[in-house]
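Student: sequence first, predicted model second:
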Amino acid sequence: MACFVLVHGGGHGGWCWEPVAKRLRAQGHTVHAPTLIGLAERATELHPGIDLEAHVAEVAALMESLAPTKVILVGHSYGGMVITGAADRAPGRVAWLAHLDAPVPQDGEALIDISPGLVVLAEDVVEVDGVPLGLWPDERALAIYGLSGAEAERALERLTPHPWACFLQKLRLADPVRLTSIPRAMLNCAGTLMRRPDEFCARSLVGDVVETVDAPHDIMLTHPDLVADFLGRLAGD
């Protein structure tokens, strides 16, 4: 059985993995779905120092605490930035890197470089207690996530704005070449690929396992069976 570390995307928290985690645990796997500092139930810990580096450090530390177990490290959306940085910090702890409708960053890139649509959301950034916050939980965010009806109502109760510095800070990798030795899996949503610039879209189509499905961006909430099946198959490889 495998050990999974599931990293959420912008504005979310570990809560968004509950449907998938339940299914993976039923398969006999161990699952960790941390909430990154400053988000969801950890919004009370918000402070000006929260950025991409802070989130990378948290996930790298979690993996180190699980040693000697190797993990299947999964990132959704912004989580793709975090897992890439964390895997660079602790490559010996990662059995698979799985990008769930998530960007594949290179050294020196920020999320806003890879996902130019964030520039539009920059108009709504508001500073709260010295922290610029964006990606506010509203109808526009729900449209990005592809949520509606009861799913949207449940999500709105738990979504929080995201420290904007996380999207602006450039990822720094110590050894990009070593990172490429880790097996990589891609589960892409077709709509997301259509909106990405060609260069960044092409990166999502290269990996040891690559699948593209017709599903909303928040696929872990709308299609948990599909996601759990995809991840469960990685555990068997």
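Tutor: On my side now, so go ahead.
Student: buried stuff in the longest helix belonging to the chain?
Tutor: If you go by DSSP state H, the chain has its longest helix at helix 52-65. Buried positions in helix 52-65, judged by neighbour count with 16 or more other Cβ atoms under 10 Å: L52, E53, A54, H55, V56, E58, V59, A60, L62, M63. Where you see a C-beta, it was placed from the backbone N, CA and C, and this is true even at glycine.
Student: just the strands from the protein, written as ranges.
Tutor: Listed from the start of the chain, the chain has strands (DSSP state E) covering 3-7, 30-32, 71-76, 94-100, 126-128, 131-134, 162-163, 184-189, 209-213.
Student: point out where the chain drops to low pLDDT.
Tutor: Applying pLDDT under 70 to the chain flags the ranges 237.
Student: tell me, what residue is most central in it?
Tutor: When Cα atoms, centre = their mean is applied to the chain, the residue found nearest the centroid is G79 (2.0 Å).
Student: list of residues touching stretch 111-129?
Tutor: If you take Cβ atoms under 8 Å, 6 or more residues apart in numbering as the criterion, stretch 111-129 is touched by 46, 52, 78, 81, 103, 105, 132-136, 140, 161, 164, 166-168, 170, 195-197, 200.
Student: residues of it that come out buried?
Tutor: When neighbours are counted by 16+ other Cβ under 10 Å, the buried residues of stretch 111-129 are found to be L111, I112, D113, I114, S115, L118, L121.
Student: can you give me the helices for this protein?
Tutor: Ranges of helices within the chain are 18-26, 52-65, 79-89, 111-114, 118-121, 139-145, 149-156, 165-168, 176-179, 190-195, 198-203, 219-222, 224-235, based on DSSP H.
Student: most tightly packed of these?
Tutor: Looking across those with neighbours counted as mean count of other Cβ atoms under 10 Å, the highest average goes to helix 79-89: a mean of 26.
Student: measure how it sits relative to strand 3-7, angle-wise.
Tutor: Orientation note: helix 79-89 sits at an angle of 130 degrees relative to strand 3-7 (axes from the mean of the first three to the mean of the last three Cα atoms, to 10 degrees).
Student: now the strands of the chain as CSV including distance to G14?
Tutor: Rendered in CSV, the data for those read as follows (distance: least, Cβ to Cβ, whole Å):
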stretch, distance to G14
strand 3-7, 8
strand 30-32, 9
strand 71-76, 11
strand 94-100, 14
strand 126-128, 22
strand 131-134, 19
strand 162-163, 15
strand 184-189, 19
strand 209-213, 23
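Student: so which of these is nearest G38?
Tutor: Among the strands of the chain, strand 162-163 comes nearest to G38, with 5.1 Å by Cβ to Cβ.
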